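*Asks:* Give me a model of this one.
(chains A and B)
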2 protein chains.
Amino acid sequence: MKIICNQKLLANKIGIVQKAINSKTTLDLLKGVLIVTKQDEIILKGYDLEIGIESHVPAEVIQEGSIVINSKLFGDIIRKLPDSFVEIETDEDNNVYINCLNSKFKIKGDSAKEYPQIPDVNEDKLYSIPQDVLKSMIKQTVFATSQDQTKPILMGELLEIENGNINLVAIDGYRFAVRSCQVDNLIHEDLKAKIIIPGKTLIDVNSLLSSEEEVKVGFNEKNAIFIINDTKIVTRLLEGEFIDYKKLCPREYNSKIKLKTKDLLNSIERASLLSQSEQNNLIKLSIRDSMMAITSNNEKGNVYEEVSLSLEGDYLDIAFNSRYLLEGLKNIDCEEIYIEFTTNVNPCIIKPADGTKYTYLLLPVRISSNN
Amino acid sequence: MKIICNQKLLANKIGIVQKAINSKTTLDLLKGVLIVTKQDEIILKGYDLEIGIESHVPAEVIQEGSIVINSKLFGDIIRKLPDSFVEIETDEDNNVYINCLNSKFKIKGDSAKEYPQIPDVNEDKLYSIPQDVLKSMIKQTVFATSQDQTKPILMGELLEIENGNINLVAIDGYRFAVRSCQVDNLIHEDLKAKIIIPGKTLIDVNSLLSSEEEVKVGFNEKNAIFIINDTKIVTRLLEGEFIDYKKLCPREYNSKIKLKTKDLLNSIERASLLSQSEQNNLIKLSIRDSMMAITSNNEKGNVYEEVSLSLEGDYLDIAFNSRYLLEGLKNIDCEEIYIEFTTNVNPCIIKPADGTKYTYLLLPVRISSNN
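*Replies:* Just a heads-up that it's a prediction; the model follows:
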């Protein structure tokens, strides 16, 4: 193999495919970036057997071929080279020669023959979502995936397509977050689908979303594909039945409040400084006519906060883990929110007041009356 | 005690005195910030028995008094309060009441009676240095202090005053860095002094230097004081005899080269990616007429770099620990440098070509000829 390409472009694309490379793998070959020549470009691939990322760099291909190069070393070298043209050449012993102006590197590579194949997903049936929409959908839900390795399915998110809507759903034992969006004309009206995508994949996808162009999404039984500009991300899907989150939603409420997101967020952040313990971060809310009192106390002291609101329905005293409440509030961009409660042992629902299709459901903490 | 002051100013000053507070101390009282009222202001103090920092906040003093409040909790509360006026009140049981708009905190404080006194340094005899000059002096030397706890004196820097010059000197076993500056008229011509300031103090001082105003410096046998704007830093001095660094400087050279700082820095950064081992980071320099070859190799591969230079004197092959060479080069702002060598087992000296009074001396690594 012998190619010449631009240092900046190459460094950038190595950074992208490195997201799929797990430097702690025991398989040396998977610590590498696969480089394959193709007409006027080289294709770079990284793959950890769960997520595979493929990207392209325009190149002058002098001699066709392929090679696997340790991803960390290759990335470090290319990033530190001057902004110029880089020549990469290999010999029959898989030595790699990297030359750029006054720098000459010779490093050991590996044959590409044994490098595993990233699964194929049919690219004829792809659906399109604006990048910024998908970005905000992931941001508003992925934090609510479970980190519990014993429940692998909850470490993923449900991507559900129904009635021309896409719903992205994350749930752990204590709360769930659902963000929906209608993608007019782009998704076939009567398409129905449910797939479960690993949370880590969505975080990687999110880090590559930037422009206002569209991201193309496709899937089969086992894998999903995201195409962002000229980068392809293929991910294994999680197998199993996702929790029927719709059943968990209360249909009615006894108390509904409207208040400023920032006011509540700031007060809860302060109250959590004195919340009962690091485990449950207990804070208590007392909802009355035009204001809510937020209280918390531990051995260091106590705190009392007041937040203005408008109430429809009954007075209520209820307690929450402040961390879960904060995570939900931080991911709502809207200036005002509604919160709906039934009783102090049933979940509450937080929604942006501007009509964005986002629901954050949170279980309260049960407290005895003398707590 | 009862006072009212501005939230932003208070939060800012707590951040400053916190630099002197070691949150890992076993003495609970020293985890606290001392607050003392004084006419139209409050004085905040933090002290870890080595470094003490004192700063002032304008305040309406309604009732005089003093209190010690856990620094982390106090800082977190004040920082998260809204930008408004904060009222702080104490009762006879050392409870602290913090009120700001709709927030009310009650936390446990401690009596200020037992709080240790920060040593006094006579403030009548202070010398002045422009803040930006002291900042660059610290930056160019402090990285060369030793981190070896068994040689505590080398964890400090020598501040030497002689002939109207101030020299700041750091030395570990392998290199030293000296930065000098002439402070016209500000320091008494025939003043001579040598004190040893802990490296940690200089890092704290550096983090407070910002404006182009002057910092005032004073010292006695045991302590030094730095006054930056309205903040005082008092530090214990290190005791003992500092190494006579001037004796280590070679007086002559056999080879002197002039080259671009950035060219050398970039080449050595690349070469160090394949330097022999993480311990010695060995790279080899071969100095010839108009260029230097930099080489390095390990089990992953090898690298060859060329840097243009102009040589006065003999050809030379010499090896260095790349980390020490990089640290010196990174702290030279000048576009070009001189490097003077005697032999490949004697220290070399790096100097900026613009005449800034900075010397970085570095010992080479001895290598066998077949290495």
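
*Asks:* so what pLDDT did residue A:48 get?
*Replies:* For residue A:48, the pLDDT comes out at 95.

*Asks:* Could you tell me which residues make contact with it?
*Replies:* A:20-22, A:25, A:30 (CB atoms under 8 Å, 6 or more residues apart in numbering or on different chains). Just so you know, the C-beta spots here come from the backbone N, C-alpha and C atoms, and that holds for glycine as well.

*Asks:* For chain A, which residues are neighbours of chain B?
*Replies:* Listed as neighbours of chain B in chain A under the rule CB under 8 Å from any CB of the partner chain: A:70, A:73, A:76-77, A:80-82, A:96, A:102-108, A:266-267, A:269-270, A:273-274, A:300-307.

*Asks:* which among the residues you listed end up buried?
*Replies:* Buried by 16 or more other CB atoms under 10 Å in any protein chain shown: A:70, A:73, A:76-77, A:80-81, A:96, A:102-107, A:266-267, A:269-270, A:273-274, A:301, A:303-307, out of the residues of chain A next to chain B.

*Asks:* Chain neighbours aside, what residue packs nearest to residue A:311?
*Replies:* Distance criterion CB to CB, 6 or more residues apart in numbering or on different chains; nearest residue to residue A:311, sequence neighbours excluded, is residue A:257 at 5.3 Å.

*Asks:* ok, how many other residues are close to that neighbour?
*Replies:* The burial count assigned to residue A:257 is 23, neighbours taken as other CB atoms under 10 Å in any protein chain shown.

*Asks:* Dig out what the residue in the stretch 201-350 of chain A positioned nearest to chain B forms beta bridges with.
*Replies:* As assessed by CB to the nearest CB, chain B sits closest to residue A:301 within the stretch 201-350 of chain A, at 3.3 Å. Judged by DSSP bridges, the bridge partners of residue A:301 are residue A:298, residue B:107.

*Asks:* quick one, what contacts it?
*Replies:* Listed by CB under 8 Å, 6+ apart, the contact set of residue A:301 reads A:274, B:73, B:96, B:105-108.

*Asks:* unless I'm mixing things up, residue A:238 is touching residue A:198, no?
*Replies:* Yes: taking contacts as CB atoms under 8 Å, residue A:238 lies within contact range of residue A:198: 6.1 Å.

*Asks:* Now the common contact residues for the two.
*Replies:* Contact criterion CB under 8 Å, 6+ apart; residues shared by residue A:238 and residue A:198: A:155-156.

*Asks:* pLDDT weak spots in the stretch 101-250 of chain A?
*Replies:* Applying pLDDT under 70 to the stretch 101-250 of chain A flags the ranges A:184-190.

*Asks:* how about the strands of it, start to end?
*Replies:* A:103-108, A:127-130, A:156-162, A:165-171, A:175-182, A:193-198, A:214-219, A:223-228, A:231-236 (DSSP state E, counting those that start in this stretch).

*Asks:* Check the stretch 251-371 of chain A too.
*Replies:* Ranges of strands in the stretch 251-371 of chain A, per DSSP E, counting those that start in this stretch, are A:255-260, A:282-287, A:291-298, A:301-308, A:310-313, A:316-321, A:336-341, A:348-352, A:358-362.

*Asks:* Counting by contacts, list what the third one packs against.
*Replies:* It refers to strand A:291-298. helix A:261-271, strand A:282-287, strand A:301-308 (3 or more CB pairs under 8 Å, 6 or more residues apart in numbering or on different chains; DSSP states H and E).

*Asks:* pLDDT averaged over the second one - what is it?
*Replies:* It stands for strand A:282-287. The pLDDT scores in strand A:282-287 average 96.
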